[in-house]
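*Asks:* Mind folding the following:
(one chain, ligands or ions: 2)
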Amino acid sequence: MEMNELIARVIPCSAEPLIFDETKCIGCNSCAGICQCDIMIPSPEKGKHPIVLYPGECYYCGACVMVCPRPGALRIQHPVMNRTKFVPVKPDPLAERPAGN
Ligand code: SF4
Ligand code: SF4
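*Replies:* Ligands and ions are numbered 1, 2, ... in the order given. Model prediction:
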């Protein structure tokens, strides 16, 4: 059977949405298969984790982590700008003072 060669390059991005643990990943490609954004392709090396071709297209849905059969093999790393944490607003003591004081 004639084989066609496929050349694909990773599109550079400031974010690195997926972190694989090579000691736990078995290269089943379930994460690549479920990703609705198709940001990964299977590794050409059997048993290795998929290659993230389009890291900037991840929208952090978490489906890839949920489908992974190996706990800890894959985790999501949110961009710094998405790690904001809302805190309660402290009451302003000056707002309680009567006018003129
Ligand atoms: S978090 Fe969602 S969009 Fe991002 S790689 Fe995983 S499945 Fe795809
Ligand atoms: S689903 Fe988990 S074990 Fe399978 S390739 Fe992805 S990270 Fe590796």
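*Asks:* tell me which parts of the protein are close to ligand 1?
*Replies:* 17-18, 34-35, 37, 39, 58-64, 76 (Cβ under 6 Å from any ligand atom). Using the backbone N, CA and C atoms, a C-beta is placed for each residue, glycine as well.
*Asks:* can we see that at 5 Å?
*Replies:* Within the chain, the positions adjacent to ligand 1 are 35, 37, 58-59, 61, 63-64 by Cβ under 5 Å from any ligand atom.
*Asks:* Tell me the one of these nearest ligand 2?
*Replies:* In terms of Cβ to the nearest ligand atom, no member of the residues of the chain next to ligand 1 lies closer to ligand 2 than residue 64, at 6.6 Å.
*Asks:* quick one, what contacts that closest one?
*Replies:* Neighbouring residues of residue 64 by Cβ atoms under 8 Å, 6 or more residues apart in numbering: 18, 30-32, 34-35, 40, 74, 76.
*Asks:* now do residue 68
*Replies:* 30-31, 74.
*Asks:* cool, residue 9 as well?
*Replies:* Counted by Cβ under 8 Å, 6+ apart, residue 9 has contacts residue 53.
*Asks:* so how far is residue 44 from the residue nearest to the spatial centre of the chain?
*Replies:* For the chain, the residue nearest the mean C-alpha position is residue 17 (3.1 Å; Cα atoms, centre = their mean). The gap separating residue 17 from residue 44 is 21 Å, by Cβ to Cβ, to the nearest Å.
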